[in-house]
Every structure is written in structure tokens, then in C-alpha cells.
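Novice: this one's structure only:
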Ligand SMILES: Cc1cc2nc3c(=O)[nH]c(=O)nc-3n(C[C@H](O)[C@H](O)[C@H](O)COP(=O)(O)OP(=O)(O)OC[C@H]3O[C@@H](n4cnc5c(N)ncnc54)[C@H](O)[C@@H]3O)c2cc1C
């Protein structure tokens, strides 16, 4: 077993680090935005990295999406800017159901624009009354003449207002289907989501009897949840990559500070408890990185079968990132508390990661269920 990233992945990592370096001067400003930051989007487009999010037949880099490559890129981008990381990630999360289940016409119409980031994507699952328990959702898809009508409201949707299309999970009869909804259709209303502790491009999306053509449904009727699982199979582990990147960035800040600042006649880094915190942080970041890379390697072979490992990686890495960034603030004393400093930004950004794409407690339930199912 080789524990190094292969040469192709190292090259992608270098590209992602280059993009992060380009965005760094605007990162603090972008991470305060609830709208898309034009400069960051332009840099992302120019990097060509969104071509990792679509298959080669539609302008992508590889025949299929590579969960490990996406994980490695998110690690580099999140270390710089949550805004940048989110714009990149959403291009895949918000379009993967088209890749998996779209008609040839849908793929031709949307995927090339996703790959060059001229079209932004969004995935609309959550509703005011349906969060972790998606089966509570009430948005309805109903037959109407030779097409459908879509009615209901989605909440906390990333890229709302900026996206060119929404992949919407809706109730169709007793089951759930996924439909592709172009952003410009009559009856779609976007309103702002309350501002979060870590600002994010988010909005509420209302569908007021939106008329859709007969070919709007992705895949078979009633198979929408399968497409959600397929999306999680590729992308959940990438949240682990992003969490590792965030934690590493926080640790880098703490190392710089504790090497430089002296108290009691010595650099902070040499004071016993601080040295222990540094060592614990580094060890935990490395553990989470290994788990993330392993789960992403498994997802390369079979994303659906490796979902329990992706859940473990997401759980471990996001919980680790919160612990590590909290310790880093502690090591930096009052300087860790300064508003708009990088460490303060990372501290706020670590928090939502334990809630979105599977809250930690919900992930634990799934992991335990899989463990008890496996043992003979
Ligand atoms: C920054 C951000 C971006 C987002 N982007 C999107 C997006 O693009 N598209 C989209 O559809 N949604 C998006 N969401 C919503 C996100 O998916 C939900 O927040 C998430 O699914 C959790 O749902 P909830 O917040 O309603 O929490 P709830 O489901 O109300 O759960 C609250 C808490 O209860 C506990 N809990 C819940 N269920 C269980 C259980 N079965 N067992 C044990 N404990 C449990 C957990 O601790 C959980 O944190 C986003 C959220 C954030 C914060």
C-alpha cells in the first residue's frame, strides 16, 4: 500500500493550492459575503478545476468523477476560503444527479456549463419542517397536462439566487422524485436566509405552482432518494477533506503565533501545555486526513458501498476540526479572539460543518446500524 498521493493527484493538489493563493487576498472579504463574490468566482472559473465535477463526455477532465481528487481540492480551498470551497463543491453536489440519471439532452444542456462554472448549480432538499428527516418534506410534484407542477418551499439552499438551476427533491404520490428546475421559470421566488455565524451564499426558494416539462424528472419516478444517496456517496467524504484543510490552516496560524510570542521567558510553543496542544492537534489532523483519503479511495471504486466510511470520515474530520480550531484559539490567547482575523474566521466556519451534509448524531446512527448489520 502506497500512502502517498499518486502523481496525478499531486498535480491537482498543486493547482488547487495555486488557486487558493490567488484567492487569499480576497478571502476575508469573500467569506463575509452572502452573495457570490465576483472575484472568487472568476478565479475559480479561470482555474478550470470545476471540470473535475463533470464527466469527460461533457467537458470534464476524467471519464468519471474522482472522489479523492475532489477531496484533495476541497482540502486546499477550505484552508483559504469557505466561500471558494463552497462554490467549488456545489458545482458537483448540485449537478451529480444529472450526471447519474439525466437524459442525454439534460446532460448536453447543463453539464458543460457546470464544468466551466459559467452555470452555478444547487441542490434543494431541506425545507422548514424537513432537515435530517428528509421524508417529512412537503414540496409536491403533480402531473399537469403534458408536464408537471411543482409547489412548495425549500430552505437554507446554497447558491439560491445565483444558481442557473435547482435539483429539487419533491413528493410525487407516495414516493420522492428529483426534478431539474431552471432558475428563470415563472413562479420561483428567492428570499434571504437569516445571516449565519459564518456567512454563506444561502436562500429560501419558493415554488409556486411552477410549470415543468414532461422531461424535467431526473431518472425514474419515485427514485429521488436514490439520487440523493448517490450524491452523498461521492461528495460526503469531500466535507472531510474540507474539514482537514480548515484544521490544518488553524494549526498553521497557532504554530506561527506560538513560535513568535514569548511569555515566562520562552516561546509559547515551548511551554508544556501549549506544546501538548500543538502535538495533539497535529496528530488529530493527520489521523483525519488518513481516514478521509482512505474513504475517498474506497468511494472511487464504489461510492454507494463506501458510504459508511465516508460518514466516518466526515464525522471524524468535522468533529476534529472543531476541537483543533478551539485549541488553536486557546493557544493564541486574546489574539485568537480578534474579529476578522483568520483564526476567528476559521473558528466560526468549523461550526456548521458538523450540521450540514449529515449532522454528527445522525451519522453516528447510520454508522452504528452498518456495524451491527455487518457482524455475523
Ligand atoms: C451552511 C449550510 C448550507 C446548507 N446548504 C444546503 C443546501 O444546499 N441544500 C439543502 O437542501 N440543505 C442545505 N442545508 C441544510 C442542511 O442540510 C440541514 O441543516 C441539515 O440537513 C440538518 O437539518 P436541520 O438543520 O433541520 O437540523 P434537524 O434535522 O432539526 O436536527 C437538529 C439536531 O438534532 C439532532 N438530530 C436530528 N435527527 C436526529 C436523529 N435521528 N438522531 C439523533 N439526533 C438527531 C442533531 O444533533 C441535529 O444537529 C445547509 C445548511 C447549512 C448550515
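Specialist: Perfect, I can see it now. Computed from a prediction, not measured in an experiment: that's the story for all the values here.
Novice: that's a strand at residue 43, yeah?
Specialist: No. According to DSSP: H, G, I helix; E, B strand; the rest coil, residue 43 belongs to no strand; its state is helix.
Novice: so what pLDDT did it get?
Specialist: The model reports residue 43 with a pLDDT of 98.
Novice: swap in residue 1?
Specialist: Residue 1 carries a pLDDT value of 62.
Novice: ditto for the one 10 residues further on
Specialist: Residue 11 is assigned 98 on the pLDDT scale.
Novice: Okay, and it sits in which element?
Specialist: Per DSSP states H and E: residue 11 is located in helix 7-30.
Novice: And for residue 161?
Specialist: Counting by DSSP H and E, residue 161 is part of no helix or strand.
Novice: now the residue of the stretch 51-200 of the chain found nearest the ligand: how far from residue 90?
Specialist: Closest to the ligand within the stretch 51-200 of the chain is residue 131: 1.8 Å, counting by Cβ to the nearest ligand atom. In short, each C-beta sits where N, CA and C put it, glycine included. To residue 90, residue 131 is 19 Å away according to Cβ to Cβ, to the nearest Å.
Novice: okay, these two: which has more neighbours?
Specialist: Between residue 131 and residue 90, residue 90 has the larger neighbour count (other Cβ atoms under 10 Å), namely 24 against 17.
Novice: Could you name the helices and strands sitting against the helix holding residue 11?
Specialist: helix 38-47, helix 67-78, helix 82-93 (3 or more Cβ pairs under 8 Å, 6 or more residues apart in numbering; DSSP states H and E).
Novice: Contact partners for residue 19?
Specialist: Residue 19 is in contact with 43-44, 47, 49, 76-77, 84, counting by Cβ atoms under 8 Å, 6 or more residues apart in numbering.
Novice: so what pLDDT did it get?
Specialist: Looking at residue 19, its pLDDT stands at 98.
Novice: Distance of it relative to the ligand?
Specialist: 21 Å (Cβ to the nearest ligand atom, to the nearest Å).
Novice: Which pLDDT value goes with residue 374?
Specialist: For residue 374, the pLDDT comes out at 85.
Novice: Likewise for residue 255?
Specialist: 98.
Novice: Tally up the residues packed near it, please.
Specialist: If you count neighbours by other Cβ under 10 Å, residue 255 ends up with 16.
Novice: Go ahead and list the helix or strand containing residue 154.
Specialist: Assigned by DSSP H and E, residue 154 falls within strand 147-158.
Novice: Just want the angle from the next helix or strand after that strand to strand 147-158.
Specialist: Following strand 147-158 in sequence order, the next helix or strand is strand 165-172 (DSSP H and E). Per axes from the mean of the first three to the mean of the last three Cα atoms, to 10 degrees, the angle that strand 165-172 makes with strand 147-158 is 120 degrees.
Novice: can you give me the angle the helix or strand following strand 165-172 makes with strand 147-158?
Specialist: The helix or strand immediately downstream of strand 165-172 is strand 175-182, counting by DSSP H and E. Put simply, strand 175-182 runs at 80 degrees to strand 147-158, going by the same axes, to 10 degrees.
Novice: So which residues make contact with the helix or strand just after strand 175-182?
Specialist: Following strand 175-182 in sequence order, the next helix or strand is strand 188-192 (DSSP H and E). Contacts to strand 188-192, defined as Cβ under 8 Å, 6+ apart, come from residues 34, 160-161, 181, 202-208, 210.
Novice: Look up how far residue 239 lies from residue 325.
Specialist: For residue 325, the distance to residue 239 - Cβ to Cβ - is 15 Å.
Novice: wait, what's in contact with the residue of the stretch 51-200 of the chain closest to the ligand?
Specialist: No contacts exist for residue 131 under Cβ under 8 Å, 6+ apart.
Novice: Sheet-wise, list the partners of the strand holding residue 154 with their directions.
Specialist: strand 140-144 (antiparallel), strand 202-213 (antiparallel) (DSSP bridges).
Novice: quick one: it near the ligand?
Specialist: Yes. Against the ligand, strand 147-158 shows contacts by Cβ under 6 Å from any ligand atom at 156-158.
Novice: pLDDT on that strand, on average?
Specialist: What strand 147-158 shows for mean pLDDT is 98.
Novice: Likewise for stretch 267-279?
Specialist: Averaged over stretch 267-279, pLDDT sits at 98.
Novice: buried set for it?
Specialist: For stretch 267-279, a neighbour-count test (16 or more other Cβ atoms under 10 Å) marks 267-269, 271, 274, 277-278 as buried.
Novice: Name the nearest of the residues you listed relative to residue 329.
Specialist: Distance to residue 329, by Cβ to Cβ, is smallest for residue 277 among those, at 10.8 Å.
Novice: quick one: low-confidence ranges for the stretch 201-350 of the chain?
Specialist: Residues of the stretch 201-350 of the chain meeting the criterion pLDDT under 70: none.
Novice: Strands along that one, start to end?
Specialist: If DSSP state E, counting those that start in this stretch is used as the criterion, the strands of the stretch 201-350 of the chain fall at 202-213, 217-218, 262-263, 266-267.
Novice: Next one: residue 128 relative to residue 53, how far apart?
Specialist: 29 Å.
Novice: quick one: which of the two has more around it?
Specialist: Shown here are residue 128 and residue 53; by other Cβ under 10 Å, residue 53 has more neighbours (29 against 13).
Novice: Mind pulling the model confidence for the closest residue to that one other than its chain neighbours?
Specialist: Spatial nearest neighbour of residue 53, excluding adjacent residues (Cβ to Cβ, 6 or more residues apart in numbering): residue 92 at 3.8 Å. pLDDT, residue 92: 98.
Novice: All good on my end, thank you.
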